[in-house]
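I would like the atomic coordinates for the input below:
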Amino acid sequence: MNYNSGNARRNFYAKWDKLREEYRAAGMKEDAIQKMYEYDLAVFNDDRAHHRYDVEIPSADDSENRNDYADFVRATTVTDTYHETKTRFAWVGEVQNERLQAGLEKLSVDDLKLLTLYAYEGYTVTEISKALGVSQPTISIKIKRITKFLKNFDFNVMD
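Residues are numbered from 1 along each chain as shown. From the prediction side, this is the model:
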């Protein structure tokens, strides 16, 4: 569930309306109540700003809370390299057809990330679009472009 700033702010104000009444009933002075309110508001705003940029990525062991982004990171950050390819994508080194492997090595890093998710990891276009924050048609067009490139790759240049 996403963070709802408006709802959080309404809850904060409602909580503080009750706290003001309680503090007044307890005999606190208005300037002391106001200082406490200002402090809590500053903490609330600070937490809200951090919430916007903090994304908890679950560990690999926590399969219940695993999300598309964690799977994407895992799929595209392989540190094993295949001798002269110098790529982060170890699966390219597993390709038996040397000519196809040469074509894959000519792809950009972004294309290899997309191909890793789609062909190697088996994610759907919908899942990839959510993980990358890109529209489904854009992902489909990129996959078609990569496929066309690999089909038309001039393998004779490699001989």
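
who are the packing partners of the lengthiest helix in the chain?
The longest helix of the chain (DSSP state H) is helix 30-53. Judged by 3 or more Cβ pairs under 8 Å, 6 or more residues apart in numbering; DSSP states H and E, helix 30-53 is in contact with helix 5-25. No exception for glycine: its C-beta is placed from N, CA and C like everyone else's.

ok and the helix it packs on relative to helix 30-53, angle-wise?
160 degrees (axes from the mean of the first three to the mean of the last three Cα atoms, to 10 degrees).

buried residues in helix 5-25?
If you call a residue buried by 16 or more other Cβ atoms under 10 Å, then helix 5-25 has these buried ones: 16, 20, 23.

follow-up on the earlier one: who touches the longest helix of the chain?
For helix 30-53, the external contacting residues (Cβ atoms under 8 Å, 6 or more residues apart in numbering) are 3, 5, 8-9, 12, 16, 19-20, 23-24.

closest to residue 107 among these?
Of all the contacts of helix 30-53, residue 3 has the smallest distance to residue 107: 36.4 Å, by Cβ to Cβ.

show the subsequent helix or strand relative to the lowest-mean-pLDDT helix or strand in the chain.
Every helix and strand of the chain was ranked by mean pLDDT, DSSP states H and E. The lowest is helix 68-76, at a mean of 66. Per DSSP states H and E, the first helix or strand lying C-terminal to helix 68-76 is helix 90-94.

what is that following helix packed up against?
helix 98-105.

pull out the buried residues from the helix it packs on.
By 16+ other Cβ under 10 Å, the buried positions in helix 98-105 come out as 101-105.

nearest to residue 152 among those?
For the buried residues of helix 98-105, the minimum distance to residue 152 (Cβ to Cβ) is 9.4 Å, reached by residue 103.

who's in contact with the residue lying closest to that closest one once chain neighbours are set aside?
Spatial nearest neighbour of residue 103, chain neighbours left out: residue 153 (3.9 Å); criterion: Cβ to Cβ, 6 or more residues apart in numbering. Counting by Cβ under 8 Å, 6+ apart, residue 153 touches 99, 102-103, 106.

nice, that's everything, thank you.
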